[in-house]
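**Q** quick check, what structure comes out for this input:
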Amino acid sequence: AMDSLMPPSRQDGNHYCQSNRLVIGANEGYTHEIGKVLADCNSNKELAELMCPNVKYYKLNMRPFLGREATYKPTIEFRQHSSMYNKLKIKNLIRFCMSFVHNSAKLWPPDPLEEDVDDIELFEMLMMRVVRDRSLRDYYRHRRSKFFEERGDCCEGCASGHGCEANISK
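**A** Residues are numbered from 1 along each chain as shown. Prediction:
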């Protein structure tokens, strides 16, 4: 779901910003099997080993939880975003990261989903269940729609094959 918050140029990743999703065996969306694998982690260290094996170069770097580096600090690193100069983008990214971390630490983890979920639903679930900030949800919904327009898709429904959202809302 976090990929969809970023411009297409930052979604595919590179050597220094690899996909956590791919390392646990998911190409798109959420599958019940992935939820089970994540839920089976019994500690932050197990989760960090699963999500970031061997190197720190993942979009969400959890290696510091492992305590192996000389400068150990129990932190996570959001590596996916590009450098920014736009104050609104910076403010919203900071708010997103703060809400994500704060609410993830404070709230009980959700039960694994019983069915597979696509990227559209994952985004909505991330915003409603974890981030819990309506203005951030609206900001990132608008940002996502701009990415689809830039790629030549009319809307997210067209891009994902779910059907045109412009026709549904009329």
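**Q** list the contacts for residue 17?
**A** 10, 57-59, 79-80 (CB atoms under 8 Å, 6 or more residues apart in numbering). Bear in mind the C-beta positions are built from the backbone N, C-alpha and C, glycine included.
**Q** most neighbours among those, which one?
**A** Each of the contacts of residue 17 was scored for neighbours by other CB atoms under 10 Å, and residue 58 scores highest at 25 neighbours.
**Q** please enumerate the helices of this structure.
**A** In the chain, helices defined by DSSP state H lie at 8-11, 20-23, 32-39, 44-51, 87-106, 119-125, 134-150, 156-160, 165-168, listed in chain order.
**Q** flag the shaky bits of the protein, pLDDT-wise.
**A** The model of the chain has pLDDT under 70 over residues 13, 26-30, 68-72, 155-163, 165-170.
**Q** for residue 133, give its distance to residue 53.
**A** Per CB to CB, to the nearest Å, residue 133 is found 32 Å from residue 53.
**Q** likewise for residue 18?
**A** 10 Å.
**Q** looking at the two, which is more packed in?
**A** Taking neighbours as other CB under 10 Å, residue 18 and residue 53 compare with residue 18 leading, 19 against 11.
**Q** tell me the contacts of that one?
**A** Applying CB under 8 Å, 6+ apart, the residues near residue 18 are 55, 57-59.
**Q** many thanks, have a good one.
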